[in-house]
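Engineer: after the sequence you'll find the predicted model.
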Amino acid sequence: MNIWQADFYHHPSSSGNERQWQLVICDSEVNLNTQIVKPIYIAQCLSQDANADWLEQQILLAAAGKLPDQIQVFRPQSLSLISVAAEKLDIKVEATRNTQALKRVLTEKYKGQSHYNPILPEKPPPQALPENLWGDKWQIANIAAGQIIDLFRDRPIPIINIPQEFYPINLNLPSDIFIPGLVVYGGKKSMQLACWIEQQTPAFINYIPTEIGKSGGFILETGLVDRWVFNTFESEQAEEIARKYEQNKQASQGLHFLLIQPDDSGMTTTAFWLLKDIK
């Protein structure tokens, strides 16, 4: 499958001139281990020309007779116009944060503008998780990288998402390194909670301290920019466990998991997601 990653946005000009809209297209299959990742197409236009018709023509020029099967988009402000243009050309569009080749190109292009981050979309404040979805309790768990795939891949789990690109072996992670995760015991609401999370398209889970040494919480990031207060706590013990979770997550290149079970018996698993903290 031929997959592109594309961004269409009005980045600030280093010269102070009028902002221009810029289209950047990259190949999703590019080797990220190389020092330089080059785009396959770049084009600019003035604000009055930034529309779906202009995008359609640029996609045709970039394709040179071979249209992609799919275009991945990480920026909410780009999604609408690119979707309209792609629909006219019968190209599928995927909204995903996992566009590392594109983000590498944008970061390199604007590295001289220290005040500007070209890959950081505006994010709304975290929302409260609907009360009717709260689980009974939660805990932090760690699973060895060499075991995590075999432990869940072939089990009869109603909701499961283990992207192949997140396999520890594909990230060159040692088999004995621990992958941290959040385990939620949802009780009778276990399936309802799991279905809601799946509909939101979970991206990753971060620990954010609200008062160092006293309280904090886990933030579930979903979709492209949505954020949810997954749970909060006020104890030094919980804060220490959460900090260790973040440390382990950094050591595992951002890899972590979310596991939902009705209870702690280990007999039934409702949902499992292998996630990766992607900036």
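Structural biologist: Thanks, I have it. Numbering: from 1, shown residues only.

Engineer: residues touching the closest residue to residue 224 other than its chain neighbours, list them.
Structural biologist: Once flanking residues are discounted, residue 224 sits nearest to residue 76: 4.9 Å by C-beta to C-beta, 6 or more residues apart in numbering. Every residue, glycine included, has its C-beta placed from N, CA and C. By C-beta atoms under 8 Å, 6 or more residues apart in numbering, the contact list for residue 76 reads 95, 121, 224-225.

Engineer: same list (those residues) but as a markdown table, adding distance to residue 180, neighbour count and pLDDT.
Structural biologist: Shown next, in a markdown table, are those (distance: C-beta to C-beta, whole Å; neighbours: other C-beta atoms under 10 Å; pLDDT from 0 to 100):
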| residue | distance to residue 180 | neighbour count | pLDDT |
| --- | --- | --- | --- |
| 95 | 26 | 16 | 95 |
| 121 | 26 | 14 | 84 |
| 224 | 24 | 19 | 94 |
| 225 | 24 | 17 | 94 |
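
Engineer: now, those residues that are in strands?
Structural biologist: Using DSSP state E, the subset of the contacts of residue 76 located in strands is residue 95.

Engineer: can you show me the strands along the protein?
Structural biologist: With DSSP E as the definition, the chain shows strands at residue ranges 3-11, 20-27, 41-45, 70-73, 92-95, 127-128, 137-144, 159-161, 178-185, 202-211, 215-222, 226-233, 255-261, 271-276.

Engineer: now those strands as JSON lines including distance to residue 102?
Structural biologist: Output for the strands of the chain, formatted as JSON lines (distance: least, C-beta to C-beta, whole Å):
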{"stretch": "strand 3-11", "distance to residue 102": "4"}
{"stretch": "strand 20-27", "distance to residue 102": "5"}
{"stretch": "strand 41-45", "distance to residue 102": "11"}
{"stretch": "strand 70-73", "distance to residue 102": "8"}
{"stretch": "strand 92-95", "distance to residue 102": "12"}
{"stretch": "strand 127-128", "distance to residue 102": "27"}
{"stretch": "strand 137-144", "distance to residue 102": "31"}
{"stretch": "strand 159-161", "distance to residue 102": "22"}
{"stretch": "strand 178-185", "distance to residue 102": "26"}
{"stretch": "strand 202-211", "distance to residue 102": "16"}
{"stretch": "strand 215-222", "distance to residue 102": "19"}
{"stretch": "strand 226-233", "distance to residue 102": "20"}
{"stretch": "strand 255-261", "distance to residue 102": "21"}
{"stretch": "strand 271-276", "distance to residue 102": "16"}
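
Engineer: relative to residue 117, which of those is closest?
Structural biologist: Minimum separation from residue 117 across the strands of the chain (C-beta to C-beta) falls at strand 3-11, 10.6 Å.

Engineer: from the chain's centroid, how far away is the closest one?
Structural biologist: Taking C-alpha atoms, centre = their mean, to the nearest Å, one finds strand 3-11 lying 16 Å from the centre of the chain it belongs to.

Engineer: what sits up against it?
Structural biologist: Strand 3-11 has contacts (C-beta under 8 Å, 6+ apart) with 19-29, 40, 47, 50, 55, 62, 68-75, 77-78, 81-82, 99, 101-102, 106, 110, 116, 118.

Engineer: stretch 120-127 too?
Structural biologist: Under the criterion C-beta under 8 Å, 6+ apart, residues 74-77, 219, 224-229, 279 lie in contact with stretch 120-127.
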